[in-house]
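A.B. asks: Next come a sequence and a model predicted from it.
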Amino acid sequence: MKAWFAQHLAALRDALRRLTAAPLNTLLSLLVVGVALTLPTAGWLALENLRQLTSDTPGVQQISIFLSLEAGKREVSEIESRLKEARVGNWRFVPRDEALKRLQASEGMAEIIASLPRNPLPDAFVITPADPQPESLEHLAKVFAGWPKVAHVQLDSEWVKRFDALLRLGRLVVMLLGALFAGALVTITFNTIRLQILAQAAEIEVARLVGATDTYVRRPLHYFGMLQGALGGLCAALLVTGGFQLLIPPVSELTRLYGASFTLQSLSPGDVARLAAIGGALGWLGARISVMMHLRRLT
């Protein structure tokens, strides 16, 4: 076991030596890999922020239950009990007096409300379902509409369907971009390893003559591809984080003007680790394919 660890540690040191032997070439390669991972990562993060924005904005993907004007405390308690039993998600009760005060606070509505003989607004419940899928929302709206003393159920299902379709299309585009640039990353690593093998062909032949196995020859190249991919993933994380940090102030100002409170989210430490791992895995794959092809040709 000690010998196995020693061999891998030596291969890792050799890979690091290869990376630092030509700093400018290494830096350029890392930037290319980083850019290849940046576009799909930025697209995925933008979709996540868009989904979060809509879930945090009042009125989006919510169902409003308006009770009849004749509904009393007993009917309100019954609706509350039904909502608790159904476990549909988060909900809150909006009394008719509170709704009237909010309406009076609106510009130009105070005089109109004062001229009315009585409060025309009903008691209401606002539900934020745990499952935001359009089919689930429509099903819940139909269920709520059948409850006693429910006068109207409001759900902008068409808007929800359009938004869900937009998100699905966006995810598909990001997946296609991810596959495209993953292939590009594998190709970049493949070509880099090919050049390494060609440049060190004589050294590899001498090592084989003195008893070096193919596994011994492959191992540093595998580590090289993996390190290049992982470092390229970290470069992509740095580029994406920097770009989104520049966007945070204008996006926050824009959402504030529309009456919402939203802060653009950047990559979390877990996202950065996953991005480095994906880059490392793709780099290792490109190195493995290149080594298999070109070492066989040398033989």
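C.D. replies: Looks like it came in fine.
A.B. asks: Mind checking the pLDDT average for stretch 203-218?
C.D. replies: Regarding stretch 203-218, the rounded mean pLDDT is 68.
A.B. asks: which SSE is F125 in?
C.D. replies: strand 124-129 (DSSP states H and E).
A.B. asks: Residues contacting stretch 268-282, please?
C.D. replies: For stretch 268-282, contacts defined as C-beta atoms under 8 Å, 6 or more residues apart in numbering pick out 33, 37, 41, 45, 182, 185-186, 189, 226-227, 229-234, 236-237, 267. To be clear about C-beta, it is placed using only N, CA and C from the backbone, and glycine gets the same treatment.
A.B. asks: ok, back up a step: list the first helix or strand encountered after the strand holding F125 toward the C-terminus.
C.D. replies: Trace forward from strand 124-129 with DSSP H and E and the next one is helix 134-145.
A.B. asks: which helices and strands sit right next to that next one?
C.D. replies: Counting by 3 or more C-beta pairs under 8 Å, 6 or more residues apart in numbering; DSSP states H and E, the packing neighbours recorded for helix 134-145 are strand 63-67, strand 124-129, strand 150-154, helix 157-199.
A.B. asks: Which elements pack onto the first one?
C.D. replies: Secondary-structure packing of strand 63-67 (3+ C-beta pairs under 8 Å, 6+ apart): helix 73-86, strand 124-129, helix 134-145, strand 150-154.
A.B. asks: So which of those is nearest R296?
C.D. replies: Checking the helices and strands packed on strand 63-67 against R296 by C-beta to C-beta gives helix 134-145 as the closest, at 53.4 Å.
A.B. asks: With only the CA atoms kept, save the closest one in PDB.
C.D. replies: Extracted C-alpha coordinates of helix 134-145, given in PDB (Å, rounded to 0.1, in the frame of the first residue of the first chain):
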ATOM      1  CA  PRO A 134     -48.300  24.000 -13.400                       C
ATOM      2  CA  GLU A 135     -50.200  20.700 -13.200                       C
ATOM      3  CA  SER A 136     -50.100  20.600  -9.400                       C
ATOM      4  CA  LEU A 137     -51.200  24.200  -9.200                       C
ATOM      5  CA  GLU A 138     -54.200  23.700 -11.400                       C
ATOM      6  CA  HIS A 139     -55.200  20.600  -9.500                       C
ATOM      7  CA  LEU A 140     -55.000  22.500  -6.200                       C
ATOM      8  CA  ALA A 141     -57.100  25.300  -7.600                       C
ATOM      9  CA  LYS A 142     -59.800  22.900  -8.600                       C
ATOM     10  CA  VAL A 143     -59.700  21.300  -5.200                       C
ATOM     11  CA  PHE A 144     -60.000  24.700  -3.400                       C
ATOM     12  CA  ALA A 145     -62.800  25.800  -5.600                       C
END
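A.B. asks: can you confirm N90 is in a strand?
C.D. replies: Yes. Per DSSP: H, G, I helix; E, B strand; the rest coil, N90 lies within a strand segment.
A.B. asks: Hmm, it is touching P132, no?
C.D. replies: No. Look at N90 against P132 with C-beta atoms under 8 Å: they stay out of range, at 11.8 Å.
A.B. asks: When the two are compared, which one has more neighbours?
C.D. replies: Using other C-beta atoms under 10 Å, the more surrounded residue of N90 and P132 is P132, with 18 against 11.
A.B. asks: Report the secondary structure state of the residue lying closest to G232 once chain neighbours are set aside.
C.D. replies: The shortest distance from G232 to any non-neighbouring residue, by C-beta to C-beta, 6 or more residues apart in numbering, is to V33 (2.7 Å). Recorded secondary structure, V33: helix (three-state DSSP).
A.B. asks: wait, isn't V33 in contact with N191?
C.D. replies: No. With contact defined as C-beta under 8 Å, V33 does not reach N191; the gap is 11.9 Å.
A.B. asks: more crowded one of the two?
C.D. replies: More crowded of V33 and N191, by other C-beta under 10 Å: V33, with 29 against 13.
A.B. asks: And the more buried one, how far from L16?
C.D. replies: V33 is 17 Å from L16, where distance means C-beta to C-beta, to the nearest Å.
A.B. asks: And L50, by the same measure?
C.D. replies: L50 is 40 Å from L16, by C-beta to C-beta.
A.B. asks: what's the answer for L9, then?
C.D. replies: For L9, the distance to L16 equals 11 Å [C-beta to C-beta].
A.B. asks: Likewise for G270?
C.D. replies: According to C-beta to C-beta, G270 stands 26 Å off from L16.
A.B. asks: quick one: which of these two has more around it?
C.D. replies: L16 (14 against 8).
A.B. asks: wait, doesn't that one sit right on L227?
C.D. replies: Yes. With contact defined as C-beta under 8 Å, L16 counts as touching L227 (7.1 Å).
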